[in-house]
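Undergrad: curious how this folds, go ahead:
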Amino acid sequence: PIVYENCDSSEIQRKISELQELQKDIEKHSTEVASVLNLCEVLLHDCDACATETECDSIQQATRNLDRRWRNICAMSMERRLKIEETWRLWQKFLDDYSRFEDWLKTSEKTASYPSSSRVLFTVAKEELKKFEAFQR
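TA: Numbering: from 1, shown residues only. A predicted model of the protein is given here:
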């Protein structure tokens, strides 16, 4: 899991920078992995290196494992980037929603603290009561 210290853009940028370093490292090894996979194919077609079926099966298994693991590393790196970007999008939405809620809450607290019910007509007081009942819902 990705652990964040706080929810701001600098934290997201830090995580993206860390991921970019990881992706550069993955790219550096890409040629080496392709070379090893290529060598495995060459060995499979070399009668001396692959004299028995057991040896061929062993090389094929090693090739499949390396290929699967390499593809998994590349996919996880991309998924990680998508998760970081999604986290940032969700943080922004949360902060926007929280800000709107905070504004509404302040207005509601002010309205509840200072009702216009003293020295008013009964009909006006009744309207104020309806407002407070609506807040309660």
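Undergrad: look through the protein and tell me its longest helix.
TA: Within the chain, and with DSSP state H defining each element, the longest helix by residue count is helix 53-113.
Undergrad: rounded mean pLDDT for that one, please.
TA: In this model, helix 53-113 carries a mean pLDDT of 92.
Undergrad: what's it packed up against?
TA: Secondary-structure packing of helix 53-113 (3 or more Cβ pairs under 8 Å, 6 or more residues apart in numbering; DSSP states H and E): helix 9-44, helix 122-136. Using the backbone N, CA and C atoms, a C-beta is placed for each residue, glycine as well.
Undergrad: which of those sits closest to Arg80?
TA: Each of the helices and strands packed on helix 53-113 was checked against Arg80 via Cβ to Cβ, and the shortest separation belongs to helix 9-44, namely 5.8 Å.
Undergrad: in terms of secondary structure, what does that closest one contact?
TA: In terms of contacts (3+ Cβ pairs under 8 Å, 6+ apart), helix 9-44 is packed against helix 53-113.
Undergrad: now the angle from the helix it packs on to helix 9-44?
TA: 170 degrees (axes from the mean of the first three to the mean of the last three Cα atoms, to 10 degrees).
Undergrad: next, the angle helix 122-136 makes with helix 53-113.
TA: Using the same axes, to 10 degrees: helix 53-113 against helix 122-136 is 160 degrees.
Undergrad: just use 43 as the starting number from now, easier for me
TA: Will do, 43 is the new start, and the previous item becomes helix 95-155.
Undergrad: quick one: Thr96 and Arg123, what's the gap?
TA: Counting by Cβ to Cβ, to the nearest Å, the gap between Thr96 and Arg123 amounts to 41 Å.
Undergrad: how about Glu47?
TA: In this structure, Glu47 and Arg123 are separated by 19 Å, where distance is defined by Cβ to Cβ.
Undergrad: who has more neighbours out of the two?
TA: Neighbours per residue (other Cβ atoms under 10 Å) separate Glu47 from Arg123, with Arg123 holding more: 16 against 9.
Undergrad: contact partners for that one?
TA: Shown in contact with Arg123 (Cβ atoms under 8 Å, 6 or more residues apart in numbering): Ile58, Leu61, Gln65.
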